[in-house]
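Novice: Quick one, what's the 3D model for this:
(one chain, ligands or ions: 1)
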Amino acid sequence: MEVNFTKNFLWGAATSAYQYEGGNFNTDWAQWEKENILDECGWACNHYETFRHDFDLAKKLNLNSLRISIEWARICPEREKINFGEIKHYKCVIKELRKRGLEPIVTLHHFTNPVWFSRSGGWLNKKNIDKFVEYALLMVRELNADVTWWIVFNEPMVFLYNGFIEGIWPPGIKSLKSANKALDNVLAAYKIIYNEIKNIYRKIHKNSMVSVAKHMVIFKPCERGVKWLNAVSAGLRDKLFNYYFLDKIIEDNCLDYVAINYYRQQFITFKGFLGAECEGGKHHMVRKNAMGWYVYPHGLYEIISEIKRYNLPIMITENGTAEEDQQYYIETLLEHMRALAMAVSEGADVRGYMYWSLLDNFEWDKGFSKRFGLIKVNYNDMKRTIRESGKIYSSICADNKICL
Ligand code: BGC
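Specialist: From the prediction side, this is the model:
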C-alpha cells in the first residue's frame, strides 16, 4: 500500500542553537561542561558561521522546512541588556530559510539558559519567569512576519528531570521539591507566552501555531521481578513524563498542535517513587543504538495513535538515531517512516516530520561522539558529507509518499 502525504506536509530536520552554532559561552551549559570536566561544546559544528551553506544542504536534501532554535543568552547577554545585533542575526537566519523555501519552526528555549539567569536562581526563582517571557515575546514580535510555527520549550520534562531530579544536567540539583517548583514556573511561563503570542498574531491578522516539543517514551514493564508492580511504575512514568505537561496546558486551552520528540522505549522496574530503568529481557527482541537506547520504531505509531484523542494537529519535531554502523541509520529511518505512514493512513492529522538531526552536533553530556546527522561532520575541518540515510530521507521527502 502506498501512503501519500498532503501537499503541504512539512518534511524537515531539527537543529538547536547550542548544539550547532558554537561560541555560546555565556550559558549555564558551557559553565556546567567546565565544572564537570565534560566534552566542551566550544565551536560545535560552527553553524553560526555556516548556516547559509547548511541551509543549502537542507534544500539539496529536498527538505521544505527546518526546526531551529534561538539562543537566549545571545539576545539577552545580561539581565537588563538586549543585543540587537543578535536579533538581526536571527532575522537574517529566518530570511535565508524562507529564501530557500524552508518553513521555519522556531524553538525559543532548547535546554540552555543565560549565565545571569541561572545565577539568579534559574527556573526556581519565580521572579525570573518575567525575564523569559520578555525575551520570548521580543523574539515573537521581531519574527512574526516570517514565522508561523513556534515551540516555546523543548522537552521541559527532560531538562527538569535531568537538572532537578537526577542532577546530571545544570543546575545539578537532586530534589523532587525543587523539580516541582521549577515545573510550576516553566508551566506558568509557557501559558503566559502562549496567550501573548495569540494576542500578537490576532492583531496582525495572522495564524500562529504554538506548542511545546514533548519528549515521549514508550514505557514497558520489566520482565524480571513482580510484573504487576513493574507495570504500576511504567504506568506512572507514562502519566508523569509523557502526559502531565500536555494535560496541564491543554486544560487551559494553551496548545495549537501536539509536537512530539520520539526516540525509544524504556523498560521499567518497580523501585522507589518513579521506578528504575532495567535491561530489556530476551523476549523483547530489542536492539540498542549508540546511545544505549532501545530502538522501537512501532512506538512512533503507538504514540501518534494515542495522542489523536486530543483532536489537535500533530507534528513530529524530533526523531532519529545515533549509530556505530551505517546500516542501522537506514534501517531505523525506514522503520520509523513506515510507522509514521501507518498512522497517517489511519487518519492521524500529522502536519510534519523533523528528523533529528540535519548535521552531526554536540550531544549534551555525551559530547561529540554520538552522531545523529543526516549529514556527517568532520570536526577537524568542519566538512559536511551526506550520509546514505540522508540520501534515502531526501528521496522520501521528494516523493512525498511511503510504501507500507
Ligand atoms: C533533544 C536533543 C538531543 C536529542 C538526542 C532530544 O531529547 O531535544 O537536543 O540532541 O534528543 O538525544
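
Novice: how close does residue 277 get to residue 28?
Specialist: Residue 277 is 26 Å from residue 28, where distance means Cβ to Cβ, to the nearest Å. Every residue, glycine included, has its C-beta placed from N, CA and C.

Novice: out of these two, which sits in the busier spot?
Specialist: residue 28 (23 against 15; other Cβ atoms under 10 Å).

Novice: helix, strand or coil for residue 305?
Specialist: The three-state label given to residue 305 by DSSP: H, G, I helix; E, B strand; the rest coil is helix.

Novice: In contact with the residue lying closest to it once chain neighbours are set aside, which residues are there?
Specialist: Once flanking residues are discounted, residue 305 sits nearest to residue 343: 6.1 Å by Cβ to Cβ, 6 or more residues apart in numbering. Residue 343 sits next to 300, 301, 304, 305, 350 when contact means Cβ atoms under 8 Å, 6 or more residues apart in numbering.

Novice: Distance-wise, check the third one relative to residue 317.
Specialist: Computed with Cβ to Cβ, the distance linking residue 304 and residue 317 is 13 Å.

Novice: The residue nearest to residue 305 belongs to a strand?
Specialist: No - judged by three-state DSSP, residue 343 forms no part of a strand; its state is helix.

Novice: intersection of neighbour lists for residue 304 and residue 317?
Specialist: residue 260.

Novice: ok, those two, which is more surrounded?
Specialist: Just comparing residue 304 and residue 317: by other Cβ under 10 Å the higher neighbour count belongs to residue 317, 29 against 24.

Novice: show me the contacts for the residue in the chain sticking out farthest from the centre.
Specialist: Here the chain reaches farthest from its C-alpha mean at residue 226, the gap being 34.2 Å by Cα atoms, centre = their mean. Residues near residue 226 by Cβ under 8 Å, 6+ apart: residue 270.

Novice: Equivalent analysis for residue 348, please.
Specialist: Residue 348 touches 304, 305, 308, 314, counting by Cβ under 8 Å, 6+ apart.

Novice: Which among these count as buried?
Specialist: The neighbour-count criterion (16 or more other Cβ atoms under 10 Å) marks 304, 308, 314 among the contacts of residue 348 as buried.

Novice: ok, and which of those reach the ligand?
Specialist: Applying Cβ under 6 Å from any ligand atom to these, one finds that nothing falls near the ligand.

Novice: CSV please, covering the residues you listed and showing pLDDT.
Specialist: Below are those laid out as CSV (pLDDT from 0 to 100):
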residue, pLDDT
304, 98
308, 97
314, 99
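
Novice: Nearest to residue 57 among these?
Specialist: residue 314 (26.9 Å; Cβ to Cβ).

Novice: What distance do you get for the closest one to residue 214?
Specialist: The gap separating residue 314 from residue 214 is 11 Å, by Cβ to Cβ.

Novice: Which residues are in contact with each of these two?
Specialist: Residues touching both residue 314 and residue 214 (Cβ under 8 Å, 6+ apart) are 258, 259, 260.

Novice: Okay, and the beta partners of the first one?
Specialist: On the basis of DSSP bridges, residue 258 is bridged to residue 314.

Novice: ok, it touching residue 246?
Specialist: Yes - judged on Cβ atoms under 8 Å, residue 258 makes contact with residue 246 at a distance of 6.9 Å.

Novice: So between the two, which is more surrounded?
Specialist: residue 258 (26 against 21).

Novice: In stretch 55-75, which residues are buried?
Specialist: Here stretch 55-75 shows 55, 57-59, 61, 63-75 as buried, counting by 16+ other Cβ under 10 Å.

Novice: Could you work out the end-to-end span of that stretch for me?
Specialist: Chord length of stretch 55-75, first to last residue, is 22 Å (Cα to Cα, to the nearest Å).

Novice: Check whether that stretch comes near the ligand.
Specialist: No - Stretch 55-75 lies out of reach of the ligand by Cβ under 6 Å from any ligand atom, never closer than 9.1 Å.
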